[in-house]
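Undergrad: Make a model of this:
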Amino acid sequence: MDPLLVLVVSAILKYQNDRAALKRQERFAGAMEAFQRKRSDEAMGATEQLVAKQTPEARGTELAALTGEREQSLRDTVGAAQAFDAPAIAGKVSGDYRAAQEQEATSIAERTRRAIEQLAAMGAPGEQQQKHQLRFGRAAGVVDASNTASDAVGRRYATDISNVRPNPFIDLLSQVGMGYGLGSMGGAAVAPEAAAGTGITANAAGEGLSMGATGQGLRAGSVVGMRTKLLNDINNAYGLWGVPARGA
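TA: Coordinates of the predicted model:
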């Protein structure tokens, strides 16, 4: 098998495997961002609704509406109580008595009207404050829930992203192929030079082959280095699954 072809195919396989892992991480990150954006929009919407109710115009409109509702409620209550008043005195009464009675009724009605208006005006601000506190509590609850959910889901997604790894089998296969290709190409580069008689001899240190006077070719130390790199790549690949490293 052509070592160059093995090297190229293995490199492409490794690139595609790493790219697939990167895309999985990007999908996790996109899902996390979409979830957090949704929660952020919910919290922002609740805050905007609360602020919209606190503008001077909105508070004035709400106060007027509450005052009117309280006045109507008091009128209904007073009207129901007046319906049980004692009936008018039977028989003829003097004109002065009738006039005095009508004047007294008018005075009572006027005092009642003013009392209703005053009570409604005094109680409306307190009721408005209660409504504001309820709205504030609901908005705060939405914001807190959104923040808690975003934090919990974000930490979970961050863990998933950090745990994404390339396919270990494909990674092992690509690294072995790349090591084989590099090692085979290194050995093939030495063989032609030896056959041509370019002066390859053993050196004094016994480390392998060295070039002669031509200065061409490849030192045997380079071949040893390629073999060492191949073994390191294989050991790294075995390490992904906890397989004991193989000796050099």
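Undergrad: May I see the buried residues of stretch 74-81?
TA: Leu74 (16 or more other CB atoms under 10 Å). Quick note: C-beta positions are derived from backbone N, CA and C, even for glycine.
Undergrad: Identify the residues contacting that stretch?
TA: With CB atoms under 8 Å, 6 or more residues apart in numbering as the test, stretch 74-81 has contacts from 112, 116, 119-120.
Undergrad: Could you pull out the strands in the protein for me?
TA: Counting by DSSP state E, the chain has strands at residues 201-202, 209-210.
Undergrad: What is the longest helix of the protein by residue count?
TA: Criterion DSSP state H: the longest helix present in the chain is helix 95-163.
Undergrad: could you give the mean pLDDT of it?
TA: Throughout helix 95-163, pLDDT has a mean value of 84.
Undergrad: That one - contacts with which helices or strands?
TA: Judged by 3 or more CB pairs under 8 Å, 6 or more residues apart in numbering; DSSP states H and E, helix 95-163 is in contact with helix 3-52, helix 56-82.
Undergrad: quick one: that helix to helix 56-82, angle?
TA: Interaxial angle of helix 95-163 relative to helix 56-82 (axes from the mean of the first three to the mean of the last three CA atoms, to 10 degrees): 140 degrees.
Undergrad: Now restrict the contacts of stretch 74-81 to buried residues only.
TA: Using 16+ other CB under 10 Å, the buried ones in the contacts of stretch 74-81 are 112, 116, 120.
Undergrad: Now tabulate those residues in JSON lines and tack on distance to Arg59.
TA: As requested, the buried ones among the contacts of stretch 74-81 are exported to JSON lines (distance: CB to CB, whole Å):
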{"residue": "Thr112", "distance to Arg59": "29"}
{"residue": "Ile116", "distance to Arg59": "23"}
{"residue": "Ala120", "distance to Arg59": "17"}
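Undergrad: Alright, I will stop here.
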